[in-house]
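[1] dropping a prediction and its sequence here:
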Amino acid sequence: MIKILVICGTGVATSTMVKEKIREWLEKEKLIHQVSLFQSSVAEAVNQYDTYDIVISTTIVPDEMKDYVIDGTPFISGLGGEEMYQIIREKVFS
């Protein structure tokens, strides 16, 4: 099972929105049965981010996480969202 973590500053608002968009996309692509989706705050994710296959963040993350995290702001703005889905597909399902 592929584990995707979505994080934001508090683990509530934007991470919920992005997680839902990703869930809808996974269902549409018939990939949802291969994925477990999680969400948390950056503070909670700092010590566990490397236990996930992919981490998507809508906020600034500590330096030690930067190379591991995908920018999730395109899911919120709508600009570049399709490219982000493609990155997820390539990174996780290829």
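    In hand now; what should we look at?
[2] going forward, measure contacts and count neighbours with C-alpha atoms only.
    Will do.
[3] can you verify residue 59 is assigned to a strand?
    No - counting by DSSP: H, G, I helix; E, B strand; the rest coil, one finds residue 59 to be coil, located in no strand.
[4] and the nearest residue to it once chain neighbours are set aside, how many neighbours?
    Spatially, and ignoring its direct neighbours in sequence, residue 59 is nearest to residue 8 (5.4 Å; Cα to Cα, 6 or more residues apart in numbering). Per other Cα atoms under 10 Å, the neighbour tally for residue 8 reads 24.
[5] so the most centrally placed residue in the chain, which of the three states?
    The residue lying closest to the centre of the chain (Cα atoms, centre = their mean) is residue 56, at 2.9 Å. Following three-state DSSP, the label given to residue 56 is strand.
[6] surely it and residue 7 touch.
    Yes - contact criterion Cα atoms under 8 Å: residue 56 and residue 7 qualify, at 6.2 Å.
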